[in-house]
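**Q** The amino acid sequence is not available; the structure is as follows:
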């Protein structure tokens with residue numbers, strides 16, 4: 001593919017192409033939809049109304065794959081449906097605590113590492129966030145914010161970190 005090239009009203013440079021190739025390679029375990037959304041966010045590639053240009057990006061990725069410039073992960077049609085259903089399972093935890101900071105030190109931020117923790121995190125976010133919970137798009141990491149009480153570690157907050165390049 002000759003660089004620079006145009007798709008619609010956007011010109012793509014060699015740096016854009018390098019970012020696309022790096023993103024596809026680095027996040028090869030993500031679904032094609034997640035990779036597409038991540039690219040649209042990081043390029044940035046948006047319509048005038050602010051929406052991501054997902055379809056145009058998806059077509060570009062397929063073209064780059066046909067040209068041998070990237071290798072996309074296989075489609076996850078069935079896995080994504082199961083994953084969305086699984087993420088709605090879990091029981092929310094109570095995040096309220098009345099204590100002095102010195103009584104609950106240290107405060108730690110711990111990554112969510114298991115499927116069970118992810119389900120609890122998702123249910124808790126859905127219960128407490130004013131907008132509810134929707135599955136994040138793009139590269140991200142979930143965290144619990146925990147303190148140490150006399151009863152042991154207790155979650156007092158949640159954190160979602162979106163990863164950028």
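**A** Perfect, I can see it now. Remember, predicted model here, so these are calculated numbers, not experimental data.
**Q** Downstream of the helix or strand of the chain with the lowest mean pLDDT, the next helix or strand is which one?
**A** Least confident helix or strand of the chain, by mean pLDDT, DSSP states H and E, is helix 77-87 with a mean of 40. Next in sequence after helix 77-87, counting helices and strands by DSSP states H and E, comes strand 107-111.
**Q** now for that next one, which elements pack on it?
**A** Strand 107-111 is packed against strand 140-149, with contacts defined by 3 or more Cβ pairs under 8 Å, 6 or more residues apart in numbering; DSSP states H and E. From N, CA and C alone the C-beta is placed, and that goes for glycine too.
**Q** who does the strand it packs on touch, helix- and strand-wise?
**A** Counting contacts by 3+ Cβ pairs under 8 Å, 6+ apart, strand 140-149 packs against strand 107-111, helix 115-128, strand 152-162.
**Q** and these, which is most packed in?
**A** Greatest average neighbour count among the helices and strands packed on strand 140-149 goes to helix 115-128 (a mean of 17), per mean count of other Cβ atoms under 10 Å.
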